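Trainee: Show me the folded form of this:
(2 chains)
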Amino acid sequence: MNPQPRPLYWIGLSIFGLVIATYVLFPIFWLFLASFKTTGELASLPLTFWPVAPTIEAYTALFDTTSQSSQILNWPRLISNSFLVSVSSTLIVLVFGTLAGYAFSRIQFPGRDLILGGLLISRMFQGAALLLPTYRLMNNLGLQDSLLGLTLLYSAFGLPFATWIIASSLREIPFELEESAMMDGASRLQCMVKIVLPLATPALITAAMWHFVGAWSEFAFASILMESSDSKTVTIGLASFVELFTIEFNRVGAAASLVAMPIMLVFFFGQRYFTRGLLAGAVKG
Amino acid sequence: MNRRSDTWLAYFMILPVVAAVLAFVIGPTWDVGTLSLTSVVMGQERGFGTLSNFRALFADPVFPTVVKNTAIWILGGTILCVMTGLAVGMFLAIDSKMTMGLRAIILLPWVLPDVVTAMAWKWMLHGQVGVIGDYISRMGLTDGAISFLGNPDLVMWMLVIVLIWRKMPLVALILCAAIRSVPSEQLEAARMDGANGWHRFRFVVVPNIAFSLTAVTVISMIWITAEFTLPWVMTGGGPANSSQIMSTYIYQQSFQFFNWGVGSAMSVVNLVFLMTVVGLYLYINRRSWAAGGNS
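Mentor: Sure, this is the predicted structure:
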């Protein structure tokens, strides 16, 4: 931006950059490092940044099935529940999102733009106001406290955005390819599977990543629906640590690190796809 | 190609998505609306067509606190989020290796699960062993530990700070993208004419990013209104309701006090507010929606 960069200018910028980096990263490091400290170290002042005697006892305690707290919070179970719900709802969202995304981008039908707009707007209402009626609905359907129910709910919540990401990326794929294939007698289904899907793979990855991250992190709806300890998810497990505060904060740090881990992996390995969906669609709510 | 059969095929293909939204968003919205007009006693519905739930809501002594806190949460959160986001976004828009690196990591707070963020900050703000209080008292600014989340006058603003940590990065990135797309000829021409940094910002950058700025402000407002997990896990609305906002109040009334009448009335208030903001958003975005919703 500046034609003649002065040293003072760059020093100022570097300091500002360092402040932002610290601001963003410090809370994450601080929590992660806490998981390797002992409870004694965490409770004694002055506080230390690096663990004095790094230990993984907090992690082993989480997975210790004989301890008393594991009767209430069975972490292997929580993790497998969360994976089951997140992965299966991602698959559901991909299948039906692709179907709908194809229709919205390739077929001209009455009410098309209105319906797509309505779907997107519906996302903005998926907040606290729907907690109570969702609880009632799930009870009426007999799906409270059920992983299947949670999977269906997350799929319904995630479908509009996935549909939109897929539809908007399909619009950029030239229609001529399909047209010539259809001239040669290919059916719509064949076109979709053989021509469109391979070209749309990046959009499918983006949609899948976004949905997985959202489903894995969801807390509010899971906490009202999943009552028995066998059906709880990782976010409920972590939130229930509130009572353990100051006593065993290393366990809270370890649990939080475990919960954050899959999200961090998705973020770092799929950053290209992630930002793509973000700049394309986040402003759509 | 047969046009007619194509139309039916399209409806068939979008059916699952539309049905899912009808069942899990539109249906529940309707349900909470009718529930708010029904008198409910211990989960038993007794008679439709009453405003008693709303009367009970407005008569609740906690209600004014909730309104005040929600105003701090939504207005304070949105304004501070957009202002810091604009500052950081302008910084990130500068071409350098450092800003490129920052652009890659800045979204971390945004992707981290809410519960993790809440836990991290709750602990950092802890009255005895929190790192922030420890640091401030070591610098000699205070005598002893401050209970940031235990102080009724501070707690709402602490929540807003955490909210900004979580939501600002995305605002910054969106505004950064908008600033980077400001035509460089315009900036160059302004410089030639002797415009200083502030004037270039005010008269070249701001008009160019005005649309993104308004859109991002309204959308932040929608996110912040919907945010529940962060305040709930950090304070649960406490101490003594001093950080109770709309979303936490709905949860508390509905699932801790089982007061479905007041819970549903507050949900309706929340929905009406959301609809107003969404309406504003649609109005601002009317051109891009009219163009087929693909911009």
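
Trainee: what bits of the stretch 101-250 of chain A have low per-residue confidence?
Mentor: Within the stretch 101-250 of chain A, the stretches with pLDDT under 70 are A:243-247.

Trainee: The stretch 101-250 of chain B too?
Mentor: Residues of the stretch 101-250 of chain B that meet the cut-off, pLDDT under 70, sit at B:143-145.

Trainee: where do the helices sit along it?
Mentor: Along the stretch 101-250 of chain B, counting by DSSP state H, counting those that start in this stretch, helices occupy B:108-111, B:114-124, B:131-138, B:155-180, B:184-192, B:197-200, B:206-226, B:229-235, B:246-251.

Trainee: Let's have those in TSV, adding distance to residue A:140.
Mentor: All C-beta atoms are positioned from the backbone trio N, CA, C, and that covers glycine. Shown next, in TSV, are those (distance: least, Cβ to Cβ, whole Å):
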stretch	distance to residue A:140
helix B:108-111	34
helix B:114-124	28
helix B:131-138	46
helix B:155-180	34
helix B:184-192	59
helix B:197-200	60
helix B:206-226	24
helix B:229-235	25
helix B:246-251	20
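
Trainee: just the ones you listed: most buried one?
Mentor: Most buried of those, by mean neighbour count (mean count of other Cβ atoms under 10 Å in any protein chain shown): helix B:246-251, with a mean of 27.

Trainee: What distance separates the opening and closing residues of stretch B:61-77?
Mentor: Stretch B:61-77 stretches 25 Å from its first residue to its last (Cα to Cα, to the nearest Å).

Trainee: Also stretch A:60-73?
Mentor: 14 Å.

Trainee: Just give me the longest helix of chain A.
Mentor: helix A:75-106 (DSSP state H).

Trainee: helices or strands up against it?
Mentor: helix A:112-123, helix A:147-171, helix A:197-217, helix A:234-239, helix A:249-269, helix B:3-21 (3 or more Cβ pairs under 8 Å, 6 or more residues apart in numbering or on different chains; DSSP states H and E).

Trainee: Including distance to residue A:60, could these go into JSON lines?
Mentor: Below are the helices and strands packed on helix A:75-106 laid out as JSON lines (distance: least, Cβ to Cβ, whole Å):
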{"stretch": "helix A:112-123", "distance to residue A:60": "41"}
{"stretch": "helix A:147-171", "distance to residue A:60": "27"}
{"stretch": "helix A:197-217", "distance to residue A:60": "23"}
{"stretch": "helix A:234-239", "distance to residue A:60": "16"}
{"stretch": "helix A:249-269", "distance to residue A:60": "9"}
{"stretch": "helix B:3-21", "distance to residue A:60": "42"}
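
Trainee: ok, so what distance separates residue A:112 from residue A:122?
Mentor: Using Cβ to Cβ, to the nearest Å, residue A:112 is found at 16 Å from residue A:122.

Trainee: Then residue A:77?
Mentor: Residue A:77 is 33 Å from residue A:122, where distance means Cβ to Cβ.

Trainee: Give me the more crowded residue out of those two.
Mentor: Taking other Cβ atoms under 10 Å in any protein chain shown, residue A:77 and residue A:122 do not tie; residue A:122 has more neighbours (22 against 18).

Trainee: ok, the more buried one - contacts?
Mentor: Residue A:122 is in contact with A:160, B:21, B:25, B:26, counting by Cβ atoms under 8 Å, 6 or more residues apart in numbering or on different chains.

Trainee: Considering those, which possesses the most neighbours?
Mentor: Within the contacts of residue A:122, residue A:160 tops the neighbour count with 27 neighbours, counted by other Cβ under 10 Å.

Trainee: if I pick that residue, what's in contact with it?
Mentor: Applying Cβ under 8 Å, 6+ apart, the residues near residue A:160 are A:119, A:120, A:122, A:123, B:17, B:21.

Trainee: Just name the closest of the residues you listed to residue B:79, please.
Mentor: Residue B:79 lies nearest to residue A:123 out of those, by Cβ to Cβ, at 23.7 Å.

Trainee: Could you count how many residues lie near the closest one?
Mentor: Look at residue A:123: counted by other Cβ under 10 Å, it has 20 neighbours.

Trainee: shouldn't it be in contact with residue A:162?
Mentor: No: using Cβ atoms under 8 Å, residue A:123 is not in contact with residue A:162; the gap is 10.7 Å.

Trainee: Name the residues contacting each of the two.
Mentor: With contacts defined as Cβ under 8 Å, 6+ apart, no residue is adjacent to both residue A:123 and residue A:162.

Trainee: The spatially most central residue of chain A and chain B: what is the separation?
Mentor: Centroid-nearest residue in chain A, with Cα atoms, centre = their mean: residue A:213, separated by 1.2 Å. Residue A:213 sits 6 Å away from chain B, going by Cβ to the nearest Cβ, to the nearest Å.

Trainee: from what I can see that residue touches residue A:265, true?
Mentor: No: using Cβ under 8 Å, residue A:213 is not in contact with residue A:265, being 10.5 Å away.

Trainee: mind listing what residue 57 touches?
Mentor: You didn't say which chain, so I picked chain A. A:38, A:250 are the contacts of residue A:57 under Cβ under 8 Å, 6+ apart.

Trainee: oops, chain B please
Mentor: Residues counted as contacts of residue B:57 (Cβ under 8 Å, 6+ apart) are B:63, B:262, B:265, B:266, B:269.

Trainee: can you rerun that using 6 Å?
Mentor: For residue B:57, the contact set (Cβ atoms under 6 Å, 6 or more residues apart in numbering or on different chains) comprises B:262, B:265, B:266.

Trainee: Kindly reformat these as JSON lines containing secondary structure.
Mentor: Shown next, in JSON lines, are the contacts of residue B:57 (DSSP: H, G, I helix; E, B strand; the rest coil):
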{"residue": "B:262", "secondary structure": "helix"}
{"residue": "B:265", "secondary structure": "helix"}
{"residue": "B:266", "secondary structure": "helix"}
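
Trainee: now, among the residues you listed, which is nearest to chain A?
Mentor: Of all these, residue B:266 has the smallest distance to chain A: 8.2 Å, by Cβ to the nearest Cβ.
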